[in-house]
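Student: Starting from these lines, generate the structure:
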Amino acid sequence: MFIASAKLYNGAVVPSVRLRLKFSQPASYTACERQAMKETKLPSPLAGLEPEALRALHEAALAIVGSTGYDAPLQTIIDAARRLAGAHYGALAVLDEEGAIDQFLTSGLSLEDRDAIGGRPEGRGLLGLMLQGTEPVRADRIDAHPASSGFPPNHPPMTSFLGVPITIDNRIAGSLYLTDKAGALPFAEQDEQLLQALAAYASLAIEHSRLLHDEREQVEQWHMLFDVGREITEALRPEMVLQSIVTRTCRLLGTDMSLMTALTDDGNHLRTVASEGLKSEAMRSLYYRVDQGMAQQILARGSVFVVDDYQDDSRLSEPLNKATGEEGIVSVIGAPLVAHGDLLGILYAANRTSTRFTERDRELFDAFAQLAAIALEHSRLFAATNDALQVKVVELEEATGALRHRSAQVLSAQEEERRRLARDLHDQTAGQLATLRVRLRLVEKLGSVDKMRNGLADLRELAGQALDDVRAMAAALRPAVLDDLGLSTAVRWYSGQFTTQWGIPVELMASGLDGRLPAHVELAAYRIAQEALHNVGKHAEAGSVRVDLEHDGPTLTIRVADDGRGFRVRKRSSTSTEGLGIAGMRERAELVGGELRIDSRPGNGTIVVAVLPTEQEPG
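Tutor: This is a model prediction of the structure:
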């Protein structure tokens, strides 16, 4: 039944099919339906129609409600109008937004007749008259009417004419007309009332279809925007998102092509980063100044900018006519890509034919441009992060190479230390023990007690020397004095051993070492001082050495300076090699988070300085 909601169509108040119209399909009108029709307060032209005409309106309304387009309900309306008015022919024209005929439906013409006539009419003659005005047109003879322009070839002859415009909110949306009333009679007032009523329902069908189309289109557009937003947050390859945006831009606006340009690092040029539908290499590799073409207008306005004919627009400064001409570009829409107030690039969409971009097109394009700006910013951040990562990878590879090199040096130093220890054990301790063994055999052969006593005294002395050598080697490996009395005392003890061995006096100065330091720091400091003194004795040919131990807050500084012959210090690199002694000292310092510096020149002695943190845990 009808619900009490109505809208103005073709000057008549009719039930609003889109929201409030509900029909059943009975065999005949019931008392309930007649009461419902009365409640809608239909105007007299509708109220005065015959029951058969009202039934036709009923069927037209049902067709509108059950259809998602307007072809089927409009065809129902034309057929009903021709049947009820007794006309041989009927037609209905629907205009598009530009006012051109978009659809043209007929009744009474065979397919062969339509094919013989050809394409859609152009809207001249009586048809054009109805498409320009809002009043019905009746003519007993078509050829006698002042607006008549004749018929196209192969058009069947027609005499009488009745036409009414189809309007929506006082705007012409099309026309409905009949020709050749049966019996060669003229169309009457009642026929005109019927056609006006059917035209009102035709306007309903057209608007209903357009609203459904707009709703579906908007849903699809929002889905597209949502998909792009999801791609931006989920994609691992930003360049794929940029390509998706230009592809979807073409779909969104129905354009032939789309192009995204990005601002270069100098801030003065734009270059193509993604495109869809381009044919020329000039456009795919576009590189131009920000004050050229549409870019200047877009940046000056900071908003969407439309050009109807790119090749002939006086607003453009230095237009890119060569590139756009090769591509055949005519109508263009562009928008700036801005993120956090900074220009990142420009998004374009274009057609090779003249196009009128609507306000809705502008709004959608602007929304897409905002998403494109986010995607472009992500792309730049990804590129910057990737570049930084590549730098870090190179640095890590270099550091890994240096670590391998350093590890090899440390292993060599360890092996060298093992060889020295093995050599000392073989040359000294093992030799002394072998001598001890030989002399024990000799003592066994001595006859007198005095000779035996003297031999045993020699053996005791030899055993004492071997014991002293073993203790010295043990002290060199890990002196007990370091564990028992601390760093300062241990270095002082080793300095004495050094002077005894090499004959070079050592001056030791210690400060801030009243308490104990972490064991790993004391061990590293002792080994560095030990190795530095060992290098002085072995290589420096020095007359004296000074060792400074200074504990100041969070750091311990070990400084070993000699007045020897010095040497040329090589610049460190990942491929340079250092002596085993220097490599060992540097490795010990870095293992505890410290650093080692060496200052030496030929003839000016050498200074070794190690700075170790005293509050850091080892490893």
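Student: Now do stretch 86-101: distance from first to last residue.
Tutor: 26 Å (C-alpha to C-alpha, to the nearest Å).
Student: can you pull the buried residues of the one helix or strand L178 maps to?
Tutor: L178 is part of strand 171-181 when elements are defined by DSSP states H and E. Buried residues in strand 171-181, counted by 16 or more other C-beta atoms under 10 Å: I172, A173, G174, S175, L176, Y177, L178, T179, D180, K181. (Glycine included, C-beta is placed from N, CA and C.)
Student: thought the fourth one was touching F161?
Tutor: Read it as S175. No: in this structure, S175 is not within contact of F161 by C-beta atoms under 8 Å, at 11.5 Å.
Student: three-state assignment of T167?
Tutor: Recorded secondary structure, T167: strand (DSSP: H, G, I helix; E, B strand; the rest coil).
Student: could you pull out the helices for the stretch 251-400 of the chain?
Tutor: For the stretch 251-400 of the chain, the helices defined by DSSP state H, counting those that start in this stretch cover 281-284, 293-301, 321-327, 359-424.
Student: so which helix or strand takes in the closest residue to L436 other than its chain neighbours?
Tutor: Excluding the flanking residues, the one nearest L436 by C-beta to C-beta, 6 or more residues apart in numbering is L462, at 5.2 Å. Element membership of L462 [criterion: DSSP H and E] is helix 449-477.
Student: Repeat that for C250.
Tutor: helix 238-253.
Student: packing partners for that helix?
Tutor: Applying 3 or more C-beta pairs under 8 Å, 6 or more residues apart in numbering; DSSP states H and E, we find helix 238-253 packed against helix 189-234, strand 257-263, strand 269-276, strand 342-351, helix 359-424.
Student: can you state the direction angle for that helix and strand 342-351?
Tutor: Angular relation of helix 238-253 and strand 342-351 on a 0 to 180 degree scale: 50 degrees, by axes from the mean of the first three to the mean of the last three C-alpha atoms, to 10 degrees.
Student: Name the residues of helix 238-253 that come out as buried.
Tutor: P238, V241, L242, Q243, S244, I245, V246, R248, T249, C250, L252, L253.
Student: could these be laid out in JSON lines, adding distance to L508?
Tutor: Putting the buried residues of helix 238-253 into JSON lines (distance: C-beta to C-beta, whole Å) gives the following:
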{"residue": "P238", "distance to L508": "63"}
{"residue": "V241", "distance to L508": "68"}
{"residue": "L242", "distance to L508": "69"}
{"residue": "Q243", "distance to L508": "72"}
{"residue": "S244", "distance to L508": "73"}
{"residue": "I245", "distance to L508": "73"}
{"residue": "V246", "distance to L508": "76"}
{"residue": "R248", "distance to L508": "78"}
{"residue": "T249", "distance to L508": "79"}
{"residue": "C250", "distance to L508": "83"}
{"residue": "L252", "distance to L508": "82"}
{"residue": "L253", "distance to L508": "85"}
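Student: tell me which of those is nearest to S275?
Tutor: The closest of the buried residues of helix 238-253 to S275 turns out to be V246 (C-beta to C-beta; 5.9 Å).
Student: wait, that closest one sits on T261?
Tutor: No: assessed by C-beta under 8 Å, V246 is found out of contact with T261, at 10.6 Å.
Student: Okay, and R516 sits in which element?
Tutor: Counting by DSSP H and E, R516 is part of no helix or strand.
Student: go on, the one 10 residues further on?
Tutor: Assignment of secondary structure by DSSP H and E places Y526 within helix 519-535.
Student: what comes into contact with that helix?
Tutor: Helix 519-535 has contacts (C-beta atoms under 8 Å, 6 or more residues apart in numbering) with 476, 479, 482, 486-487, 490-491, 494-495, 498, 506, 516-517, 545, 547, 549, 556, 558, 560, 579, 581-582, 584-585, 588-589, 591-592, 594, 596, 608, 610, 612-614, 618.
Student: What are the boundaries of the helices in the stretch 51-200 of the chain?
Tutor: Going by DSSP H, counting those that start in this stretch, the stretch 51-200 of the chain shows helices at 51-65, 71-85, 111-117, 125-132, 189-234.
Student: tell me the secondary structure for L436?
Tutor: With three-state DSSP as the basis, L436 sits in helix.
Student: I558 too?
Tutor: strand.
Student: wait, isn't it in contact with D548?
Tutor: Yes: shown here, I558 and D548 form a contact pair, counting by C-beta under 8 Å, at 7.4 Å.
Student: which one of those two has more residues nearby?
Tutor: Remark: of I558 and D548, I558 carries more neighbours, 25 against 16, as counted by other C-beta atoms under 10 Å.
Student: Excluding covalently adjacent residues, which one is nearest to the more buried one?
Tutor: A610 (4.5 Å).
Student: Also G543?
Tutor: D563 (5.5 Å).
Student: Pull the number of nearby residues for the one you found.
Tutor: The number of residues packed near D563 is 17, by other C-beta under 10 Å.
Student: what sits against it?
Tutor: Contacts of D563 (C-beta under 8 Å, 6+ apart): A542, G543, S544, G605.
Student: hey, what's R597 bridged with?
Tutor: Per DSSP bridges, the residues bridged to R597 are V609.
Student: Tell me how far the residue nearest to L436 lies from G553.
Tutor: 51 Å (C-beta to C-beta, to the nearest Å).
Student: And for S148?
Tutor: Look at S148 and G553: by C-beta to C-beta, they are 109 Å apart.
Student: Pick out whichever of the two has more residues nearby.
Tutor: Using other C-beta under 10 Å, the more surrounded residue of S148 and G553 is S148, with 16 against 8.
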